[in-house]
Structures are given as structure tokens and as C-alpha cells.
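Asker: Output the structure for:
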Amino acid sequence: MVFANYLQVVQHCDSVTYNKDQQGIPFQLEDGTVVGTLLPRVVTALITYNNTMTPSPFLISGTHVQFNTHVTNMVERTQEVATLMTQWRKDKVFPALAGWRDELYAVYGPGGVPAFVMERAATPLFGISTFGVHINVFGRDQDTIKMWVARRSLTKQTWPGLLDNCVAGGIPYTYSTKETVIKECDEEASIPASIAAHAKSTGAVSYYTMSEHGLQPETEYVYDLELPTDCQPTPKDGEVECFYFWTLDQVKDSILKGDWKPNCALVAIDFMIRHGHITPDNEPDFIDIMYHLHRKLEFPSPKKTLEIKHQP
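Answerer: Numbers count the residues shown, from 1 in each chain. Got it, this is the predicted structure:
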């Protein structure tokens, strides 16, 4: 898809209406906290599954879906969702589960505490709010800022061959944001921990998108990492085909041509705003673009820094 301007780019990703009546049926915890949204086709499949189980793991009404009363804690919620998704994967009910990653995401409840965890590929089916890190890796050519841009592997299960932020990844359960930054820098771009540790938190980008797999409200913690002149990213784990070292004008042209994974284009636009390449004086849609980069998502979010430490 070719875009006429940046506003079209951000609207393409942040595409879900603010009208809750058009989003689907809320998925909630026993205290009424809404943690996700199910589209009608998912509700239909869930009813069919629920009718085969004794006792039924879910309570399904015309207004919401929640766990049944015998499912009362994190372990039990996690097990019920895992059993459901494993069965749907086996029966090939939804294409989303063909991208199974054996990677667990936390689903946050009241107080920002995980209520349960679930397989990453399954999160769009329940419209779960997910969290990741995106690192803008850049350098300088004299006084000119240039960005390292990744080309996604042609064998990636999602968005193969499109352009991407240099380093990006979801935050696995038990990992902190900074630990994820260091892990992903090593795995995707061979950037050593001694350098990755200097990545600077610059805020977050949030959006609510819909794909063929379902609903996906997402928040990306954004980091900037300036590489020294004697260091450059190198593909390592097979997820990246190659890296380009581009001027911000080249980045802009590639975004408008539709060459980027949609959410990653938002992170690159955010970088160009923060570094003065996109301003209120040269971008007529500046305010509307900002609204789409910082969507209010009415789901619980993580509140506490995790204590578990991982080796990169």
C-alpha cells in the first residue's frame, strides 16, 4: 500500500474505532476488569469448545466472556487458556495459531499484576493488550543522523521481507523492558550487551490495530541507541535479512511507499518527530499524527519492575 502522507500511515496501523460497540465482546476477569476483546467469530468458536468441556471453563453471555467460577487464580486461568489454544491449534481453527512461538505473554489484571499468561500467537484472538520494545539504532555521518533499518527475513511467519526497526521484540513473561532490549539487541543484531545497555528510554508508542488474526492493542516501549562508528548491526538469529544505514529522507520515502511493517513505521515516525525531522511547521497533520502514536488503551498495564534477572 502506497501512502500519500504520514497521517495515512499511522491511521493504517491505529485502525480500530473508539466506538466500543463496534469492537467486539469484552473478555473480563471475575471482578469485571476487562483484559481483552473477542470478535464474533472467536466467540462462536469459544461457545463450541465450551460446550464440549465439563465443567465449562468460560461463562459466555451476549455482553461479555469471563472464566467460570471454578477458575479462580493465575495458575488455573493459564491452564484453561493453554488447553483451549492447544486444542484450537490442533484443529487448525484459526490461522493465527499456525505462528505458535512457545513464547508466553503476561495478561495484566488489577494493579498491573499478571492475571494469567498465554501463548504470544494467541493474543489477537482474545484481543489482549501486549507490550514490546523497539530500539531505534542510529549513527551519524558527520552532522547527519542516519538510521539502521532492518529487512525482515523472507522466511518470517509475519510480515516477511518488510522493513523494520533495527531491533524489536515482545516482552516475554518474567523479563523487564531493559532485559528485553539487551536480549533482542544480541539475538537480532549482534549488538553486545556492553553497548546495548546504553540504550535510552524515550517513551512509548501505542495503537490499536486489527489484522486477519484479530484485535491487537499494543504498546511499544521505545529506546534510542546511538552506535559508535566502529560498530554496526549484523544479523544473527535468522529473523533479519540485512540492515541498511539510511538518511531520514530515505526512511521517509520507504515508509510512504508502504515498505514497512505497519507498527514499526510508527516507531520510526516517532523517532523523526523527536529528532526534529518532522515538526509542526513542516507537517500539517502533526497533531493528528501524535494522537495516533499515543492511543489511549483502556486495559490494565504493567506497573511493577520485575525482579528476575536474565543473562543476555
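
Asker: my guess is Met1 contacts His12, does it?
Answerer: Yes - with contacts counted by CB atoms under 8 Å, Met1 reaches His12, the gap being 6.9 Å. Quick note: C-beta positions are derived from backbone N, CA and C, even for glycine.

Asker: who's more crowded, these two?
Answerer: His12 (16 against 9; other CB atoms under 10 Å).

Asker: Who are the contact partners of the more buried one?
Answerer: Met1, Phe3, Pro262 (CB atoms under 8 Å, 6 or more residues apart in numbering).

Asker: how much space is there between the closest residue to Val65 other than its chain neighbours and Lys303?
Answerer: The shortest distance from Val65 to any non-neighbouring residue, by CB to CB, 6 or more residues apart in numbering, is to Phe27 (5.0 Å). Distance of Phe27 to Lys303, computed by CB to CB, to the nearest Å: 20 Å.

Asker: and if you look at Thr202?
Answerer: Between Thr202 and Lys303 the distance is 20 Å, computed by CB to CB.

Asker: And for Gly111?
Answerer: Note on Gly111: its distance to Lys303, by CB to CB, is 6 Å.

Asker: Same question for Phe116.
Answerer: In terms of CB to CB, Phe116 sits 17 Å off from Lys303.

Asker: follow-up on the earlier one: tell me the contacts of the residue nearest to Val65?
Answerer: Neighbours of Phe27 in contact, by CB under 8 Å, 6+ apart: Val34, Val35, Gly36, Thr37, Leu38, His64, Val65, Gln66, Phe126, Gly127.

Asker: Show me the two of those that sit farthest apart.
Answerer: Largest separation among the contacts of Phe27 by CB to CB: Gln66 and Gly127, giving 13.9 Å.

Asker: In terms of neighbours, single out the busier of those two.
Answerer: With neighbours defined as other CB under 10 Å, Gln66 and Gly127 compare such that Gly127 has more, 27 against 20.

Asker: which SS state does that one fall under?
Answerer: Following DSSP: H, G, I helix; E, B strand; the rest coil, Gly127 is assigned to coil.

Asker: That one and Val34 touch, don't they?
Answerer: No - contact criterion CB under 8 Å: Gly127 and Val34 do not qualify, at 9.6 Å.

Asker: tally of neighbours for Ser301?
Answerer: Neighbour tally, Ser301, other CB under 10 Å: 12.

Asker: That one contacts Ile128, doesn't it?
Answerer: No - look at Ser301 against Ile128 with CB under 8 Å: they stay out of range, at 11.9 Å.

Asker: And the helices in the stretch 201-312 of the chain?
Answerer: Assigned by DSSP state H, counting those that start in this stretch, the helices in the stretch 201-312 of the chain fall at 248-256, 262-274, 286-293.

Asker: Reformat those helices as CSV; add mean pLDDT and distance to Gly161.
Answerer: As requested, these are exported to CSV (pLDDT from 0 to 100; distance: least, CB to CB, whole Å):
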stretch, mean pLDDT, distance to Gly161
helix 248-256, 97, 13
helix 262-274, 98, 13
helix 286-293, 98, 25
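
Asker: His213 is nearest to which of these?
Answerer: Among the helices of the stretch 201-312 of the chain, helix 262-274 sits nearest to His213 (CB to CB), with 13.4 Å.

Asker: Contacts for the closest one, please.
Answerer: 6, 9-10, 12-14, 134, 136, 138, 147, 149, 162-165, 168, 202-203, 205, 207, 209, 218, 220, 222, 224, 248, 251-252, 255, 260, 278-279, 289-290, 292-293.

Asker: before we move on, the earlier item: of all the helices of the stretch 201-312 of the chain, which one comes closest to Asp237?
Answerer: Closest approach to Asp237 among those is made by helix 262-274 (17.4 Å; CB to CB).

Asker: in that closest one, what counts as buried?
Answerer: Pro262, Asn263, Cys264, Ala265, Leu266, Val267, Ala268, Ile269, Asp270, Phe271, Met272, Ile273 (16 or more other CB atoms under 10 Å).
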